[in-house]
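J.: this one's sequence-less:
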């Protein structure tokens, strides 16, 4: 089971590279290549479902930068399984929708590359087993969403919406990074299992109010909650498949996911 999680995460990035490698292929070929990522991911997720339903936590750990407490740890439990299914299932539908939505003047290959990069970032965020690794994917969602919102770069409203979304969610990401660093200082580890088991220690710390405020700032900006809600209507200048995927189904759910993920702590 262990190699399945890295493959699950790698599929969107591999298919993005495949789409980019054949820029002269037909739009249908690009769509099928893009669809292989969510469909293959759903197959892997289905294979892991019995273990998750039995209450197991499927893990993969590869030492990366142990000096700063950053390991490449992937972790699939019930919560991650549910959100991964959301990312992949709706992603497959949006890939199909985009095949018939985009006009002949739109660069479908570039669109699918951006969409798959976002899909991989969201997937990495929900199955990360290390808070610093989660932060890397969290910021990747902001960057890839900037590219998707500004896809119609000839339109001023799309460019402005992309910049506004990047500034607000990027600023929230910096706040979240501060909160994550404070949590790591309190607990002495960024490993998610250690953090979730240290709830009493975190809440008893004098740094807890600051960590809580910074984490909530990151969550509220990403999920477009008041008073950071104003960027979301401007981001709707993106193509409709982008709004359907990012702003209805996945990116705004990232804050909900993180709130649920860190709730035990």
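T.: Everything's here; your move. Keep in mind the model is a prediction, meaning the values are calculated, not measured.
J.: residues touching the closest residue in space to residue 4 that isn't next to it in sequence, list them.
T.: Nearest in space to residue 4, with sequence neighbours left out and distances taken as CB to CB, 6 or more residues apart in numbering, is residue 44 at 5.2 Å. Just so you know, the C-beta spots here come from the backbone N, C-alpha and C atoms, and that holds for glycine as well. Contacts for residue 44 (CB atoms under 8 Å, 6 or more residues apart in numbering) come out as 4, 7, 8, 11.
J.: read off the pLDDT value for residue 44.
T.: Listed pLDDT for residue 44 reads 94.
J.: what do you get for the one 4 residues further on?
T.: Note on residue 48: pLDDT of 93.
J.: would you verify that it is located in a strand?
T.: No. According to DSSP: H, G, I helix; E, B strand; the rest coil, residue 48 belongs to no strand; its state is helix.
J.: roughly how far apart are the residue nearest to residue 208 when sequence neighbours are not counted and residue 258?
T.: Computed as CB to CB, 6+ apart, the closest residue to residue 208 that is not its neighbour in sequence is residue 202, at 5.9 Å. Using CB to CB, to the nearest Å, one obtains 15 Å as the distance from residue 202 to residue 258.
J.: one more: residue 175?
T.: 12 Å.
J.: could you pick out the longest helix of the chain?
T.: In the chain, with assignment by DSSP state H, the single longest helix is helix 156-187.
J.: check which residues of it are buried.
T.: Using 16 or more other CB atoms under 10 Å as the test for burial, helix 156-187 gives 158, 161-162, 164-166, 168-169, 172-173, 175-184, 186-187.
J.: and it, what does it pack against?
T.: Counting contacts by 3 or more CB pairs under 8 Å, 6 or more residues apart in numbering; DSSP states H and E, helix 156-187 packs against helix 131-149, helix 192-196, helix 199-204, helix 208-222, helix 231-235.
J.: what about 10 Å?
T.: helix 131-149, helix 192-196, helix 199-204, helix 208-222, helix 231-235, helix 251-262 (3 or more CB pairs under 10 Å, 6 or more residues apart in numbering; DSSP states H and E).
J.: how much does that helix deviate in direction from helix 208-222?
T.: 160 degrees (axes from the mean of the first three to the mean of the last three CA atoms, to 10 degrees).
J.: tell me how far helix 156-187 is from the chain's mean position?
T.: For helix 156-187, the separation from the chain centroid amounts to 13 Å (computed by CA atoms, centre = their mean, to the nearest Å).
J.: ok, stretch 132-139 next?
T.: 8 Å.
J.: which of the contacts of residue 44 tops the neighbour count?
T.: In terms of neighbour count, residue 8 stands highest of the contacts of residue 44 at 28 neighbours, by other CB atoms under 10 Å.
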